[in-house]
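Enquirer: give me the fold of what follows.
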Amino acid sequence: STETLCCLWIYRLSIPHSQRPESRSKLRGIKPNGNEARKLIEDEDNICLISMASGWELAIKVGLGKLQTPVPLRYLFTEELERLHFTVLPIEARHLHRLLDLPLHHRDPFDRMIVAQALSEGFTVIGNDEAFDAYGVQRFW
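Expert: Reported below is the predicted structural model:
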């Protein structure tokens, strides 16, 4: 999902330009409009979360060889996210219950979980998938 790839884009921006790994084709088109998303993420008054659903999706894609992460996933999804002041949002029973009630506007299971979590917790999602709008999720891009 683009929301998960946005996680990699955020990580990539945190690395000094001279130390960045070569851009991967999937990351080239994942850039929020202007610097507004980056400003939101860097604003210390905001709490930055990443869904465990995104980690799950990354692990599957890396395991299948469909995606290479800039650093090994085991470090990206622990130490690097902590360094960037991100908190991993676990999947909890209330998120599963909310997922059961969602209409089928979107078929991607990872995105549907992100929608359920955002609705359950009242969070804004950074991502460009307009299908989220049908659920009434606050979305910024």
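Enquirer: pLDDT wise, what is H95 at?
Expert: You'll see H95 listed with a pLDDT of 96.
Enquirer: I'd say it and S120 touch.
Expert: Yes - shown here, H95 and S120 form a contact pair, counting by CB atoms under 8 Å, at 5.4 Å. In short, each C-beta sits where N, CA and C put it, glycine included.
Enquirer: neighbour-wise, which of those two wins?
Expert: H95 (22 against 16; other CB atoms under 10 Å).
Enquirer: helix or strand, whichever it is, which one in this structure has the lowest mean pLDDT?
Expert: helix 25-28 (a mean of 39; mean pLDDT, DSSP states H and E).
Enquirer: state the phi and psi torsions of D129.
Expert: The phi/psi pair for D129 (degrees, to the nearest 10) reads phi -80, psi 110.
Enquirer: ignore what I typed, I meant I91.
Expert: According to degrees, to the nearest 10, the main-chain angles of I91 amount to phi -90, psi 120.
Enquirer: that one: what's it in contact with?
Expert: Contact analysis of I91 by CB atoms under 8 Å, 6 or more residues apart in numbering lists 51-53, 113, 117.
Enquirer: how about a cut-off of 7 Å?
Expert: I91 makes contact with 52-53, 113, according to CB atoms under 7 Å, 6 or more residues apart in numbering.
Enquirer: and the helices in the protein?
Expert: Ranges of helices within the chain are 2-13, 25-28, 36-42, 52-63, 73-75, 81-83, 93-100, 109-121, based on DSSP state H.
Enquirer: looking at those, which has the lowest confidence?
Expert: Per-stretch mean pLDDT for these is lowest at helix 25-28 (a mean of 39).
Enquirer: got the end-to-end distance for stretch 132-141?
Expert: Distance across stretch 132-141, first residue to last, is 12 Å (CA to CA, to the nearest Å).
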